[in-house]
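>>> Sharing a model prediction with you, sequence too.
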Amino acid sequence: MLEEKGDIMLKIAILGVGSRGATTYGDYLMTLKDKVKITAICDIDLNKLAYYQKKYHLDASSCFSNTTDFFKAGKLADLLIIATLDQQHYEHAMQALDLDYHLLLEKPISPSIEECIEIEKKALKKKRVVVICHVLRYTAFYRKIKEIIDSKQLGDIVNINSVENVGYWHQAHSFVRGNWRNSKETAPMILAKCCHDTDLLNWLIGKKPLYVSSYGSLSYFKKENAPKGSASRCIDCPVRSQCPYDAIQYYVEGAKKLKQPGWPYDVVVLDPTPEKLLEALKTSPYGRCVFNCDNDVVDHQVLNIQYEDQITVAHTMCAFSKECYRTLRVYGTMGDLIANGLTNEIIVHPFKTGEEIVIDATKLTNDLSGHLGGDHVMLDELINLLEGHPANLDSSIEKSVMSHLVCMAAEESRLHQGQSISIEEFKKQHS
């Protein structure tokens, strides 16, 4: 799909050179110099802009400190990676589609279901490839589960139990102190975190979701739960040694154990070191007491989903786990499957033979970086598609919007005491 004659490399621009745009995607693209070229970047943080201008070997004229100038410059690449804040996605995606960019758009598409649907319509009208970063589809772990389900080893699927263990530290970093802490500024947590899960469930089941109901709340990270004598910032807190959410312990002491600290340390400060982190935590949002933030998103939520053919799903998202990982249990008429994303182990129990088949998914891939390797595989498949090579890019903007519909309908249900919501009617109301 390279559109200019003589093009031999795919040109890529990045809007938002933060943790995802640069650390995850840009840095990986720099390892593919024989296939792609980063031609422009844009970010409001001038320090980041200067850092990545040098790292990506760009001229100053290819670096933009605001999106107005970026889009005024016209089409600067074949593919635009949009990794800005959730509430900015719609504006940036619509302007990019007007310029005929293909898009790699960070999830969620938008906190507004109306805007999600508008982006879908425009992408289809303009005949542009728009890939949402539902990267778990591209992991060897979940592709193996999909293969097993589709092979009918388990018979017909009856029920799935899925759990997202957010991790106490990840909840504190992203959803209490961080960018996704407040639903008035960004997406509700069920959308920000679990559109991955609803996308996976829709894909694995291969049927249409019909109804959803949901319960959940913010139960712990509130001012009334602050320890007696605690301070508003961890660096000043006399009781922080007793608190598992101590920012100094997590960021500064954690970084000391690593040769080259990456995520989440590089979200707090660029090119992190223990010294830089300690200084940043004096004023950064990431140095705040978790009981003294402006967060309002849930710390636990459950979803019940009814699919076609009477298939049911129970999904749990919970902050209070030691590690950050997903588990899945699939119940079929001829067998069951248990999958653990922490151990990368898949266990299959065929009822007829009574055997236990254990699959080590780490042996199915050489790359378990970013989202179990899914970040890189997704980029590789997208690049292959745009270059006209065979590609296994098994998602679409329509499928991604459906995952968002399930999450947003679930949030509507949660706000109305668990009322059952029809997905089809919900879409009609917001179209």
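The structure has been received and is ready for your questions. Numbers count the residues shown, from 1 in each chain.
>>> show me the contacts for the closest residue to residue 298 other than its chain neighbours.
Excluding the flanking residues, the one nearest residue 298 by CB to CB, 6 or more residues apart in numbering is residue 216, at 4.4 Å. C-betas here are computed from N, CA, C, even on glycine. Shown in contact with residue 216 (CB atoms under 8 Å, 6 or more residues apart in numbering): 190, 298, 300-302, 317, 414.
>>> and if we set it to 10 Å?
Residue 216 makes contact with 188-190, 297-303, 316-318, 410-411, 413-415, 418 under the criterion CB atoms under 10 Å, 6 or more residues apart in numbering.
>>> and it, helix, strand or coil?
Under the three-state scheme (DSSP: H, G, I helix; E, B strand; the rest coil), residue 216 adopts strand.
>>> Then residue 207?
coil.
>>> What's the local residue count around it?
14 (other CB atoms under 10 Å).
>>> Now do the same contact list for the nearest residue to residue 26 once chain neighbours are set aside.
Nearest non-adjacent residue to residue 26, counting by CB to CB, 6+ apart: residue 14, 5.5 Å away. By CB under 10 Å, 6+ apart, the contact set of residue 14 is 20-22, 25-26, 29, 38-43, 52, 56, 77, 79-83, 104.
>>> Tell me how the protein divides into domains.
Here the domain parsing of the chain from automatic domain parsing is 10-133, 136-221+295-364+396-430, 223-287.
>>> how about these in JSON lines, adding distance to residue 384 and mean pLDDT?
Shown next, in JSON lines, are the domains of the chain (distance: least, CB to CB, whole Å; pLDDT from 0 to 100):
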{"stretch": "domain 10-133", "distance to residue 384": "9", "mean pLDDT": "96"}
{"stretch": "domain 136-221+295-364+396-430", "distance to residue 384": "12", "mean pLDDT": "97"}
{"stretch": "domain 223-287", "distance to residue 384": "26", "mean pLDDT": "96"}
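>>> Which of these sits closest to residue 389?
Closest approach to residue 389 among those (CB to CB): domain 10-133, 9.9 Å.
>>> before we move on, the earlier item: which of the contacts of residue 14 fall within strands?
Among the contacts of residue 14, the members found in strands (DSSP state E) are 38-42, 79-82, 104.
>>> Which stretches in the stretch 1-150 of the chain count as strands?
Counting by DSSP state E, counting those that start in this stretch, residue ranges of the strands within the stretch 1-150 of the chain are 10-15, 36-42, 63-64, 79-82, 102-105, 130-132.
>>> Quick one: residues in contact with the shortest one.
With contacts defined as CB under 10 Å, 6+ apart, strand 63-64 is touched by 13, 15, 17, 40-44, 46, 49-50, 52-53, 56, 70-73, 76.
>>> Of the residues you listed, grab the buried ones for PyMOL.
Selection of buried members from the contacts of strand 63-64 for PyMOL, criterion 16 or more other CB atoms under 10 Å:
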select buried, resi 13+15+17+40+41+42+43+49+52+53+56+70+71+76
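>>> can you put the domains of the chain in JSON lines and add distance to residue 374?
Putting these into JSON lines (distance: least, CB to CB, whole Å) gives the following:
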{"stretch": "domain 10-133", "distance to residue 374": "9"}
{"stretch": "domain 136-221+295-364+396-430", "distance to residue 374": "4"}
{"stretch": "domain 223-287", "distance to residue 374": "15"}
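>>> nearest to residue 383, of those domains?
domain 10-133 (5.9 Å).
>>> Quick one: end-to-end distance for the closest one.
With CA to CA, to the nearest Å as the measure, the ends of domain 10-133 fall 19 Å from one another.
>>> and if you look at stretch 98-114?
18 Å.
>>> Of all the residues in that stretch, which ones are buried?
In stretch 98-114, the ones that count as buried by 16+ other CB under 10 Å are 101-113.
>>> do the same with stretch 396-413
Neighbour-count burial for stretch 396-413 flags 396-397, 400-413 (criterion: 16+ other CB under 10 Å).
>>> Can you show me the helices along the stretch 151-300 of the chain?
With helices called from DSSP state H, counting those that start in this stretch, the stretch 151-300 of the chain shows them at 168-170, 189-205, 247, 254-256, 265-268, 274-280.
>>> Counting by contacts, list what the first one packs against.
Okay, so that is helix 168-170. Helix 168-170 sits against no helix or strand, with contacts defined as 3 or more CB pairs under 10 Å, 6 or more residues apart in numbering; DSSP states H and E.
>>> Grab the nearest non-local neighbour of residue 310.
Residue 310 sits nearest to residue 158 (CB to CB, 6+ apart), 7.9 Å away.
>>> whoops, residue 171 was the one
In space, residue 171 is closest to residue 319, 3.6 Å off (CB to CB, 6+ apart).
>>> How much space separates residue 429 from residue 414?
Look at residue 429 and residue 414: by CB to CB, to the nearest Å, they are 17 Å apart.
>>> Quick one: neighbours of the closest residue to residue 184 other than its chain neighbours, just the number.
In this structure, residue 184 finds its nearest non-sequential neighbour in residue 296, 7.2 Å apart by CB to CB, 6+ apart. Using other CB under 10 Å, the number of residues around residue 296 comes to 15.
>>> contacting residues around residue 296?
Residues in contact with residue 296 (CB under 10 Å, 6+ apart) are 181-185, 188-189, 218, 221-222.
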